[in-house]
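S.K.: Give me a model of this one.
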Amino acid sequence: MLKSYEAIYDNGILNWVSDKPEGNRLVVLVTIIETKDVSDKIDDEALGLDLDPEAVEQLQLARLDREKGNYDAYIDIDSI
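M.R.: The predicted model follows:
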């Protein structure tokens, strides 16, 4: 009998998204859903946008602010 479980494969480890199968040694059939990773770079094609160099620079700076936790750089949405 086949049962389906969803997991994310990350550096050799399966991280179960929901229920995980019972048992310690199981026979599995793996189907990979290919996705494009856009987390490492800002890519016009991946975003579906034609960004000018200034916009790309602003996005890169915003990413650095987010990663550093620089919340002073954020704009309150109510002020827009």
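S.K.: Show me the helices in the protein, by range?
M.R.: With helices called from DSSP state H, the chain shows them at 44-47, 53-68.
S.K.: Mind putting those helices into TSV with mean neighbour count?
M.R.: For glycine as for every other residue, the C-beta is placed from the backbone atoms N, C-alpha and C. Shown next, in TSV, are the helices of the chain (neighbours: other CB atoms under 10 Å):
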stretch	mean neighbour count
helix 44-47	11
helix 53-68	11
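S.K.: rank the ones you listed by mean pLDDT and give me the bottom one.
M.R.: Ranked on mean pLDDT, the bottom entry among those is helix 44-47, at a mean of 58.
S.K.: returning to that earlier point: could I get the helices of the chain as CSV with distance to G12?
M.R.: Formatted as CSV, these follow (distance: least, CB to CB, whole Å):
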stretch, distance to G12
helix 44-47, 26
helix 53-68, 25
